[in-house]
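>>> Build the 3D model from these lines:
(chains A and B)
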Amino acid sequence: GAVVSQHPSWVICKSGTSVKIECRSLDFQATTMFWYRQFPKQSLMLMATSNEGSKATYEQGVEKDKFLINHASLTLSTLTVTSAHPEDSSFYICSARLSPGQGPYEQYFGPGTRLTVT
Amino acid sequence: AQSVAQPEDQVNVAEGNPLTVKCTYSVSGNPYLFWYVQYPNRGLQFLLKYITGDNLVKGSYGFEAEFNKSQTSFHLKKPSALVSDSALYFCAVRENQAGTALIFGKGTTLSVSS
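Residues are numbered from 1 along each chain as shown, chains lettered A, B, ... in the order given. Model prediction:
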């Protein structure tokens, strides 16, 4: 149980275009989802916390107008990288946390999406 | 603010030898501590967690970790390393607050030689 999927697993886009990454909790409801960014051989940096039905909370230094997050249902959150530039190339990982009452502790991670902007 | 430190960028051990990957943490409240492993171009795999109770926590693939409150440490250990254990290991912490995200250490690359 507690499987999180991401789509696509990898994407290549041209500079200036927008890319949408989906994160789904397949067998549980996730009130809260998190988006992380990971550069090669570096740690996961939290970008934002996404709560179903409300605006995402962004970490300091993360441009909310560039990284649009939508959490429209209890099983789906999307991250849209708008007007992508080569420096946005990275590995994006989402994580879903069980809804209250289902167990408060673990975050379950998706397999990640490799974004390359040319 | 919560933080995690993994002082070693890389740990090298020979197959069959014990391994330790170090982690220290800083939180204002009670810590929830986790270890994850990541293989190249893959997501994170959960290894083990400490929430409360016994300080020695046993997890997946023969790994264990010991919570030491006085030293604010949560070192990952395995009695006998395998070549297949070679990967990137992350320690993570979350404060005892609902809804907060895991904060990760920088990661330690474990290399097990045959």
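
>>> What is the burial count for A:Cys13?
Applying other CB atoms under 10 Å in any protein chain shown, we find 16 other residues in the vicinity of A:Cys13. From N, CA and C alone the C-beta is placed, and that goes for glycine too.

>>> Equivalent analysis for A:Glu87, please.
The number of residues near A:Glu87, taken as other CB under 10 Å, comes to 8.

>>> pLDDT below threshold where in chain A?
For chain A, the stretches with pLDDT under 70 are A:1, A:99-105.

>>> for chain B, what are the nearby residues on it?
Contact residues (CB under 8 Å from any CB of the partner chain) of chain A with chain B: A:6, A:32, A:34, A:36, A:41-44, A:46, A:49, A:51, A:91, A:93, A:95, A:97, A:100, A:104-112, A:114.

>>> Mind giving me the ChimeraX select for those residues, buried ones only?
To isolate the buried members of these in ChimeraX, using 16 or more other CB atoms under 10 Å in any protein chain shown:
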select /A:6,32,34,36,43,44,46,49,51,91,93,95,97,104,106,107,108,109,110,111,112
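
>>> what is the mean pLDDT for stretch B:58-69?
Mean per-residue pLDDT for stretch B:58-69: 94.

>>> Can you measure across it, start residue to end residue?
Using CA to CA, to the nearest Å, one end of stretch B:58-69 lies 17 Å from the other.

>>> in that stretch, what's buried?
So stretch B:58-69, judged by 16+ other CB under 10 Å, has buried residues B:Gly59, B:Phe63, B:Glu64, B:Ala65, B:Glu66, B:Phe67.

>>> Neighbouring strands - and their directions - for the helix or strand containing the fourth one?
Per DSSP states H and E: B:Ala65 is located in strand B:64-68. The sheet places strand B:64-68 alongside strand B:56-58 (antiparallel), strand B:73-78 (antiparallel), with pairing taken from DSSP bridges.

>>> which residues does B:Lys58 bridge with?
Assessed by DSSP bridges, B:Lys58 has beta-bridge partners B:Glu64.

>>> Next one: it from A:Val3, what distance?
Distance from B:Lys58 to A:Val3, counting by CB to CB, to the nearest Å: 23 Å.

>>> Likewise for A:Leu44?
From A:Leu44 over to A:Val3 (counting by CB to CB), the distance is 19 Å.

>>> just B:Pro40 next, same as before
21 Å.

>>> Specify which residue of those two has the higher count of neighbours.
A:Val3 (13 against 6).

>>> out of everything not next to it in sequence, what's closest to that one?
Using CB to CB, 6 or more residues apart in numbering or on different chains and skipping the chain neighbours, the partner closest in space to A:Val3 is A:Leu26 (4.4 Å).

>>> how about the one you found, what does it touch?
A:Val3, A:Val4, A:Ser5, A:Thr75 (CB atoms under 8 Å, 6 or more residues apart in numbering or on different chains).

>>> Surely B:Arg82 is in contact with B:Ser111?
For the record, residue B:82 is Leu, not Arg. No: counting by CB atoms under 8 Å, B:Leu82 sits too far from B:Ser111 to count as a contact (12.0 Å).

>>> Which residue ranges of the chain form strands?
I went with chain A, as the question did not name one. A:4-7, A:10-13, A:19-25, A:32-38, A:44-51, A:57-58, A:67-73, A:76-81, A:90-97, A:107-109, A:113-117 (DSSP state E).

>>> try chain B instead
B:3-5, B:10-14, B:19-21, B:24-26, B:31-38, B:44-50, B:56-58, B:64-68, B:73-78, B:87-95, B:103-104, B:108-113.
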